[in-house]
Structures are given as C-alpha cells and as structure tokens.
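Asks: could you work out the structure for the sequence below:
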Amino acid sequence: MLHLWVEFASYVIKQLGQARVAVIGQAFPYTAIANPKRFVPDWQFGIEEQNLQLTIDEIKRLKAADVIVLLSHNGLDVDVKLASQVSGLDFILGGHTHDALPKPFSVKNRGGQTWVTNAGSHGKFLAVLDLDIVNGRLRDFRYRLLPVFANLLPSDPDMQGLIDSIRAPYLTKLQTPVAVADQLLFRRDNFHGTFDQLILDALMTVHDAEIAFSPGFRWGHTVLPGDEITFEDIMNHTAITYPETSIRRLKGHEIKSILEDVADNLFNKDPYYRQGGDMVRVGGMTFRCNPGAAMGSRISDLALTGSALLQVNKTYKVAGWAGVGEPLSGAPVWDAVVKYLKS
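Replies: Take a look at the predicted model:
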C-alpha cells in the first residue's frame, strides 16, 4: 500500500507595508465526524490546543511577526474557549457558526488578551481589520463589517467566464421550472426552516414514511412567495456529495437517542464538544428541547404530529438523507423533492 504524506505550512507571514502579520490556519476540528469519514480516511483533525501554542511560541521566538492572527473554522464558542487557553494570539478571525459580529470582544488569558470575532457567512459581509503597528507592536486596531451587495458589484470577467463555461452543459436542466412557491422558503433558524420542511414533506410523501430527518444545514438561498422554483433552487439546498436517501425502522427510544445526540453536539456545556450547526430537522413529529439540561434529558414529549406520544418500543418508518456512515443506496434527495413538487 502506498501512503502519500502531505505537509502543510502551519502559518504564513504576510508583509503589510512595514509590518509583518503571521496568519495561522485551523481547519474544522470535527470534519471527520460531521462529514463522511470515507472522504478523509487518512486525515486527522482536532482543536490541537498544545500544537497551536507551540506554533505561536515558535513565531515569537523567531520574531517572525509583529501580530499573530488565527484564521479559524472552529465556530465561535470553540474560538472563545481556545482564546482563553492559549496565549500570544492577537486576533482570532473565525467562521463556521455564521455569527456576524459587528465588533470583536476581548478574551483574557495568561498572556494578556485575544480579540475574537466572526464575519457572518455566504459572503454577506467583508470583515475589515485595520492594524496600527508601531515599532513591532500592536498599538491599536479598528474592525468593521462591510455589507456586500453582490448585485451592485461588477463581476470579475475571467471568473464569470469560468463559471459560465462550467454551468453551460447543465444550464437547461438547472433552469427547468418545477413549481411555484406559495410561501417564503428559507433555511435560517436553529430548529426549523420552511425549505427544510419542504424537504421533509417530500421524504415522507415519496417514501410513505411516518417521520423524516433532514440535516441542520445552513446554506441555500431564500425563495420568495410567488417565485418560480427551478431545479437549481432545489439543488441550492440539496447539492452535496452524499445526497442519498434512506429508510430505516427505528423504535421510539432510538429516535429520542438520535435527537439527544445531536442536541449534545450543539449545547454541551463544554464548548470543545460543540460541533456547531443547527438541530436536525424533523418532519412528522414534534418534541420539546431544553438546551440547558444534561445529556439524555434535553429531549422530551416526542409525539407524532397531531397524535399521541411516541412509544418507547414501537417501531416507526423513518426517511432521511445525507448519512455520514457507510454509503447509502437510495436515490438522491433532489429526486424526491422534484417528484413531490410536481405532484
């Protein structure tokens, strides 16, 4: 067996005028958990607090930079805890949890303080960080979010040409009308979204299931009432590399366990155990969630929609998609949504 080892630089030094800024990169620590592990079989991910401190110490020992920035995909809660545990970082510019913070906030640590911020998501803002560096030290800074109005900005001709050439073979299918929206279709909430509900209704109807699960994804545009829903609109909410649907027979206590597990990923008291994201979307049933409760006690009052409480040992037919375990064999979820809308 051939093993190929690829080593990436832990940081780069950016020369900005007379100042030097070190930018350390940190990938999403839960990549192999939140996504199919088969996509990254030989990769390891983690918060790597100790290695980060060693990297910061190396930069300082070599006097390689005047300011040290961590460019992070940890999520805001993880970044805040990380900033309190390591010293020597001036700024953490983070992502993943989609928080648009109008100003950074200070986190104290044994070396002083680190400023932490997030700039939202989907290119809605441009974060601008102005640094006042004098004699190799950070004297002051200014931070602001600039809203990006994409329809008012001219596209780069070369990039637009590349996009057009890639889309050309699929353009006819993408622009195919499927239905007309009779309400606002969005995906912008911690527990619920109307486009999520559309996907859930499609899964339950097409697969004749009592309950449906859909991942708490936070991407996809908003469709206004009266807008035509094209195939591209559906793909904007479902196009991933593991879109297969599945049918499972789950007992009531298994359904509760799944919801408890997801809730713990979001609301664990220790930020290092939070994976970010939103709660799994559920169709065909209701439940109560107490985010502040302990693991195993957050989810209660599970019931089929408009019906009785779920029975612990009763088996239910559950449809889902985007499983992160072994590859599924079902049709892609967009087929179910198209079929449902056309019906």
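Asks: residues touching the nearest residue to Ala331 once chain neighbours are set aside, list them.
Replies: If you skip the residues right next to it in sequence, Ala331 has Thr245 as its closest partner in space, 5.9 Å away by Cβ to Cβ, 6 or more residues apart in numbering. (Glycine included, C-beta is placed from N, CA and C.) With contact taken as Cβ atoms under 8 Å, 6 or more residues apart in numbering, Thr245 is in contact with 203, 207, 319-321, 328, 330-333, 336.
Asks: could you do Gln85 as well?
Replies: Contacts for Gln85 were tallied using Cβ under 8 Å, 6+ apart; they are 49, 109.
Asks: next one: phi and psi at it?
Replies: Dihedral angles phi and psi of Gln85 (degrees, to the nearest 10) take the values phi -100, psi -30.
Asks: now do the residue nearest to Ala331, the pLDDT please.
Replies: Per-residue pLDDT puts Thr245 at 97.
Asks: before we move on, what about Val178?
Replies: At Val178 the predicted local distance difference test score is 98.
Asks: I'd guessed it sits against Leu341; true?
Replies: Yes - contact status for Val178 versus Leu341: in contact at 4.9 Å, counting by Cβ atoms under 8 Å.
Asks: please enumerate the shared neighbours of the two.
Replies: Common neighbours of Val178 and Leu341, counting by Cβ under 8 Å, 6+ apart, are 229, 234.
Asks: so what's Val128 bridging to?
Replies: Judged by DSSP bridges, the bridge partners of Val128 are Arg144.
Asks: got a list of what it touches?
Replies: 142-146.
Asks: just so I have it, where are all the helices in the protein?
Replies: 31-34, 49-61, 76-85, 157-167, 171-174, 194-206, 231-238, 252-267, 333-342 (DSSP state H).
Asks: hmm, back to that, any idea how far Ala336 is from the residue nearest to Ala331?
Replies: Remark: distance between Thr245 and Ala336 (Cβ to Cβ, to the nearest Å) = 6 Å.
Asks: common neighbours of these two, please.
Replies: Taking Cβ under 8 Å, 6+ apart as the contact definition, Thr245 and Ala336 share the neighbouring residues 203, 207, 321.
Asks: tell me the one of the residues you listed nearest Asn313?
Replies: When the shared contacts of Thr245 and Ala336 are compared for distance to Asn313 (Cβ to Cβ), His207 comes out closest, at 22.9 Å.
Asks: these two touch, right, that closest one and Lys339?
Replies: No - the criterion here is Cβ under 8 Å, and His207 misses it with Lys339 at 10.3 Å.
Asks: between the two, which is the more surrounded one?
Replies: More crowded of His207 and Lys339, by other Cβ atoms under 10 Å: His207, with 18 against 14.
Asks: ok, and the closest non-adjacent residue to the more buried one?
Replies: With Cβ to Cβ, 6+ apart as the measure, Ala319 is the residue that lies nearest to His207, at 4.3 Å, once sequence neighbours are left out.
Asks: that neighbour contacts Ala202, doesn't it?
Replies: No - applying Cβ under 8 Å as the test, Ala319 and Ala202 come out as separate, 9.1 Å apart.
Asks: can you give me the strands in the stretch 1-150 of the chain?
Replies: 11-16, 19-26, 67-72, 91-94, 105-109, 112-118, 125-134, 137-147 (DSSP state E, counting those that start in this stretch).
Asks: so who does Val338 touch?
Replies: Taking Cβ under 8 Å, 6+ apart as the definition, contacts of Val338 comprise 178, 231, 234.
Asks: er, Asn35 I mean
Replies: The neighbourhood of Asn35, defined by Cβ under 8 Å, 6+ apart, consists of 242, 324.
Asks: measure it to Asp278 for me?
Replies: From Asn35 across to Asp278, the span is 16 Å (Cβ to Cβ).
Asks: give me the number of residues near the closest residue in space to Lys14 that isn't next to it in sequence?
Replies: By the measure of Cβ to Cβ, 6+ apart, the closest residue to Lys14 outside its immediate chain neighbours is Val21, 4.7 Å from it. One way to gauge burial is a neighbour count; for Val21, by other Cβ under 10 Å, it gives 20.
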